[in-house]
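1. Could you look at this predicted model? Sequence included:
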Amino acid sequence: MVCRHFENVEDPPPCNIHHIRDKTGLGIKDKDMIPLCHYHHQGKMGIHHIGKETWEEKYATQRNLHKILMEDIG
């Protein structure tokens, strides 16, 4: 999602599934996810590396990216 929509990468690398967690805990739902490449998921600029707040300030909220994803897939 980040590569395609924020860095204009036309052929993004394979993605990992990132589950959106609005609160702490294990309330993971399969429908609440976004695809992220390793770099933006767990890599140097990944949400799990730089932290949710910094990551969302740099790119977008996870919920906003999920909304874009749903629009993309119809």
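-> It's in. Numbers count the residues shown, from 1 in each chain.

2. And the helices in the chain?
-> Ranges of helices within the chain are 2-6, 38-41, 47-50, 52-58, 62-73, based on DSSP state H.

3. ok, the nearest residue to residue 10 once chain neighbours are set aside - how many residues close by?
-> Leaving aside its chain neighbours, residue 10 sits nearest to residue 4 (7.9 Å; criterion: C-beta to C-beta, 6 or more residues apart in numbering). For the C-beta atoms, the positions are set from N, CA and C on the backbone; glycine is no exception. Around residue 4 there are 17 other residues, counting by other C-beta atoms under 10 Å.

4. Repeat that for residue 35.
-> Based on other C-beta under 10 Å, the number of other residues close to residue 35 is 18.

5. who's in contact with it?
-> Residue 35 makes contact with 1, 15, 16, 17, 18, 69, according to C-beta atoms under 8 Å, 6 or more residues apart in numbering.

6. And for residue 43?
-> Neighbouring residues of residue 43 by C-beta under 8 Å, 6+ apart: 37, 49.

7. any idea how far it lies from residue 49?
-> Plainly put, residue 43 is 7 Å away from residue 49 if you go by C-beta to C-beta, to the nearest Å.

8. and if you look at residue 14?
-> For residue 14, the distance to residue 49 equals 18 Å [C-beta to C-beta].

9. Would you mind listing the buried residues in stretch 1-13?
-> 1, 2, 3, 4, 5, 12 (16 or more other C-beta atoms under 10 Å).

10. got it, and stretch 49-67?
-> 55, 59, 60, 62, 65, 66.

11. that older thread, which pair of the contacts of residue 35 spans the longest distance?
-> Largest separation among these by C-beta to C-beta: 16 and 69, giving 14.0 Å.

12. Inside strands: which ones of the contacts of residue 35?
-> Among the contacts of residue 35, DSSP state E puts 15, 16, 17, 18 in strands.
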